[in-house]
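# based on what follows, work out the 3D shape:
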Amino acid sequence: MEVVQDVVIVGAGISGLTTSLGLHMLGIRSLVLESSDSLRATGFAFTTWTNAWRALDAIGIGDYLRQQHETILGNVVSSRISGLQMFEMSFKEKGKHGDHEIRCVKRKLLLESLASELPSGTIRFSSKVVLIEESGYLKLVHLADGTILKVKVLVGCDGVNSVVAKWLGFKPPVFTGRSAIRGSAEFKSSHQFDPMFIQYFGNGVRSGVVPCDDKNVYWYFTWSPSSQERELEKNPLQLKQYMLTKLGKVPDEVRAVMENTVLDAFISSPLRYRHPWEILWGNISKGNVCVAGDALHPMTPDLGQGGCAALEDGVVLARCLGEALLKNRRQEIRNESEEGKDEYKRIEIGLNKYASERKWRSFDLISTAYVVGSIQEADGKIMTFLRDKFFSPILAGLLLKKADYDCGNLRSS
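Now for the predicted structure:
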């Protein structure tokens, strides 16, 4: 059975649902294919920087999420070796696009908020893409259940193991040799943490905590595990015990957050990223196919920009596709063959525009995140001295600098 769809988005993650909602607000229907049987909220929460809030406002859910999460006022960096504070920075600075705004948003709540704004039937669960084929000006998308979709526009938002990115010619993301444990602790009463992003560095380890609201605290721990330590990922209890021994000189209340996190409230995963030069040389879009989110720019979490950039992608992609598809509707109807060719060209131009706008932004974020993480996790004596004495303010400043970005509105002014 063949079903014809205008826009098919593979993956119901942040970039996929943002793109779908953006298109919906422009009056364009899309179908979102999700391989799992429900929304997946891998990672529990993420720091949502100023650029992300501009994107959330563009799709109309910013104010709702603001009500659910507290504002983070600043960043405190300390040594896990000495326990001494190295640097503190306020987030109340003004950027070139206005005041900064930072919160730690729960992924599950974000995904549910995006999904709830979509028309019923937009998301199709248990729909795994197994093959993509050409068919004139269309793409044939084969699903694991035997369904074949005829598609005018195919958008890959299917994560680091993206089928669509592979079809476009991208290589699989590479492993950095680092791993991250990320979790969330829920308190029965108020946790008493100040609304600050608290980080600890030293001896090849990064860790940090940041409150989401008055009862939930998100935390992370990154390091470069040996082959023996990687085996611990198979046993959450042993992994948690190992992590607690590696925290160093952190305050008791920070240690308690991780100690009190239940075993199913944290995950461990190796960190991967796309070589930034692949973004410049590769095909972000090709004809009527493109990628967004982690399918486009998998990056290390050292800037906290992975989810934020995915939100940006969704707004920019919806805008560029909207310009192409809405223009088609206004065109005088001609014969079917000529109309199909003209529509394909407009879609291609729109996706090329999206790719052009996202190329250097993605290159910048991937490169900067990798360098920041390498410096923060360095354990050599010279680099440790330079980081603790000189680099900490620079690295902290990059958090705000990369967040001082405006992806624009859904409609071009």
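
# three-state assignment of Phe87?
Assigned with DSSP: H, G, I helix; E, B strand; the rest coil, Phe87 falls in the strand class.

# identify the bridge partners of it.
Val77 (DSSP bridges).

# you'd agree it is up against Leu399?
No - Phe87 lies out of contact with Leu399 (CB atoms under 8 Å); the separation is 11.6 Å. For the C-beta atoms, the positions are set from N, CA and C on the backbone; glycine is no exception.

# hey, what's in contact with both of these two?
Asn75 (CB atoms under 8 Å, 6 or more residues apart in numbering).

# okay, those two: which has more neighbours?
The residue with more neighbours, out of Phe87 and Leu399, is Leu399; 24 against 17, by other CB atoms under 10 Å.

# on the three-state scheme, that one is what?
Assignment for Leu399 (three-state DSSP): helix.

# residues in contact with it?
49, 75, 303-304.

# filter those to the buried ones?
For the contacts of Leu399, a burial check counting by 16 or more other CB atoms under 10 Å picks out 49, 75, 303-304.

# could you dump the residues you listed to TSV with distance to Val174 and pLDDT?
Formatted as TSV, those follow (distance: CB to CB, whole Å; pLDDT from 0 to 100):
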residue	distance to Val174	pLDDT
Trp49	25	97
Asn75	29	94
Leu303	18	94
Gly304	21	95
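
# and the longest strand along the chain, which residues are buried?
If you go by DSSP state E, the chain has its longest strand at strand 174-186. The neighbour-count check on strand 174-186 (16+ other CB under 10 Å) flags 176, 178-185 as buried.

# what's the closest non-adjacent residue to the spatially most central residue of the chain?
Nearest to the geometric centre of the chain sits Gly307, at 2.2 Å (CA atoms, centre = their mean). Computed as CB to CB, 6 or more residues apart in numbering, the closest residue to Gly307 that is not its neighbour in sequence is Phe46, at 4.3 Å.

# helix, strand or coil: sort out the one you found for me.
Phe46 - assigned by three-state DSSP - is strand.

# picking up where we left off before, list the helices and strands whatever helix or strand comes next after the longest strand of the chain packs on?
Per DSSP states H and E, the first helix or strand lying C-terminal to strand 174-186 is strand 196-202. Using 3 or more CB pairs under 8 Å, 6 or more residues apart in numbering; DSSP states H and E as the contact test, the elements touching strand 196-202 are strand 74-79, strand 205-211.

# distance to Ile267 added to the ones you listed, as JSON lines?
Below are the helices and strands packed on strand 196-202 laid out as JSON lines (distance: least, CB to CB, whole Å):
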{"stretch": "strand 74-79", "distance to Ile267": "24"}
{"stretch": "strand 205-211", "distance to Ile267": "15"}
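
# nearest to Ser268, of these?
Closest approach to Ser268 among these (CB to CB): strand 205-211, 13.3 Å.

# bridged to Ser268, which residues?
With DSSP bridges as the rule, Ser268 is bridged to Ile181.

# is it correct that it is in contact with Tyr220?
No - with contact defined as CB under 8 Å, Ser268 does not reach Tyr220; the gap is 10.5 Å.

# compare these two (neighbour count), which wins?
Ranked by neighbour count (other CB under 10 Å), Ser268 and Tyr220 place Tyr220 first, with 23 against 19.

# the more buried one touches Ser179, doesn't it?
No - Tyr220 lies out of contact with Ser179 (CB under 8 Å); the separation is 10.9 Å.

# what is the nearest of the buried residues of strand 174-186 to Ser207?
Ile181 (8.9 Å).

# how about Val7: what's its closest non-neighbour residue?
Ser30 (4.0 Å).

# where's the one you found relative to Ser189, distance?
The gap separating Ser30 from Ser189 is 43 Å, by CB to CB, to the nearest Å.

# what helix or strand is Leu131 on?
Assessed by DSSP H and E, Leu131 sits inside strand 129-135.

# what are the boundaries of the strands in the stretch 251-400 of the chain?
266-273, 285-286, 289-291 (DSSP state E, counting those that start in this stretch).

# leaving out sequence neighbours, find the closest residue to Arg275.
One correction, residue 275 is His, not Arg. Val174 (6.6 Å).

# check contacts around the one you found.
272-275.

# what would those residues look like in CSV with neighbour count and pLDDT?
Listed next are the contacts of Val174 as CSV, based on neighbours: other CB atoms under 10 Å; pLDDT from 0 to 100:
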residue, neighbour count, pLDDT
Arg272, 17, 97
Tyr273, 23, 97
Arg274, 24, 98
His275, 16, 97
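
# list just the nearest of the residues you listed to Glu101.
Tyr273 (26.5 Å).

# quick one: that closest one and Pro173, what's the gap?
6 Å.
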